[in-house]
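Visitor: got a sequence here, can you build the structure:
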Amino acid sequence: MPLAAETYRPRAPRKTPLYELVLDHHERFQAVYEERYATRYGPWRPHVHGTLLRYLDCGDFSSGFLRVACSSPGCRHEVLVPFSCKRGICPSCAMRRSLDFAEFLDQEVLEQVPYRHVVATVPRVLRRIFLRDRALLRELGHCVWKTVCRGLRVALGDSRTVPGAVMVRATAGDLVNFHRRS
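Guide: Below you'll find the model as predicted:
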């Protein structure tokens, strides 16, 4: 089936308020971070600067692209697709990673049985602890896992029950505010 021209709609990250915010303020933010924010949010993590720069290049043809051609015999339709940043700050890339992960779980990992979605949130008063010591997030995940296992064992009355689980840590809420879940 030939690739229709309307199939691919390029993203326009440069037209978003987030892009403008990062472009206009990321260097100043980094310069004042230690003084203004480190006490409350923990030290500046080295990978943050690179993540911001890659976000600014996301969807920019001058940063590289793929030429995608229709494989149907006789069809010469091609489309250029710019490289993406593949970073969590980028709404487009984050959504793509999320959809790819969900498809992988559905196709390769999960059985066709009932599932439950469990969300564990950190009380607001404790969130600063996790901001400063991110290593505690691993321990938090273990605590959540043990709690789910115990609860299921009690509910089923079988101490040998070991449920399967996929755990994902969310790093921010919809407004890019600190929001830890395990």
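
Visitor: quick check: which ranges of the chain have low pLDDT?
Guide: 1-8, 10, 88, 170-182 (pLDDT under 70).

Visitor: can you do 50?
Guide: 1, 3, 5, 180-182 (pLDDT under 50).

Visitor: show me where it has helices.
Guide: 17-36, 38-41, 47-57, 91-104, 127-132, 136-156 (DSSP state H).

Visitor: can you say which of those is nearest to Phe83?
Guide: helix 47-57 (7.7 Å; C-beta to C-beta). All C-beta atoms are positioned from the backbone trio N, CA, C, and that covers glycine.

Visitor: ok, residues contacting that closest one?
Guide: 13, 19, 22-23, 26, 30, 63, 83, 85-90 (C-beta atoms under 8 Å, 6 or more residues apart in numbering).

Visitor: could you give the angle of it to helix 91-104?
Guide: Orientation note: helix 47-57 sits at an angle of 100 degrees relative to helix 91-104 (axes from the mean of the first three to the mean of the last three C-alpha atoms, to 10 degrees).

Visitor: send the alpha carbons of helix 47-57 over as CSV?
Guide: This file holds the C-alpha atoms of helix 47-57, laid out as CSV (Å, rounded to 0.1, in the frame of the first residue of the first chain):
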residue,chain,number,x,y,z
HIS,A,47,22.8,15.1,32.6
VAL,A,48,20.2,17.8,32.8
HIS,A,49,22.1,20.2,30.6
GLY,A,50,22.6,17.6,27.9
THR,A,51,18.9,16.7,28.0
LEU,A,52,17.9,20.3,27.5
LEU,A,53,20.2,20.8,24.6
ARG,A,54,19.0,17.6,22.9
TYR,A,55,15.4,18.7,23.4
LEU,A,56,16.2,21.9,21.6
ASP,A,57,17.5,19.9,18.6
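
Visitor: angle of it against helix 17-36?
Guide: 160 degrees.

Visitor: dump the residue contacts of Gly157.
Guide: Contact analysis of Gly157 by C-beta under 8 Å, 6+ apart lists nothing.

Visitor: hmm, back to that, any chance of the helices of the chain in a markdown table, plus mean neighbour count and distance to Cys70?
Guide: A markdown table is the format used below for those (neighbours: other C-beta atoms under 10 Å; distance: least, C-beta to C-beta, whole Å):
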| stretch | mean neighbour count | distance to Cys70 |
| --- | --- | --- |
| helix 17-36 | 13 | 31 |
| helix 38-41 | 12 | 48 |
| helix 47-57 | 16 | 27 |
| helix 91-104 | 13 | 22 |
| helix 127-132 | 15 | 48 |
| helix 136-156 | 13 | 44 |
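
Visitor: end-to-end on stretch 112-126?
Guide: From the first residue to the last, stretch 112-126 extends over 37 Å; the measure is C-alpha to C-alpha, to the nearest Å.

Visitor: much appreciated, bye for now.
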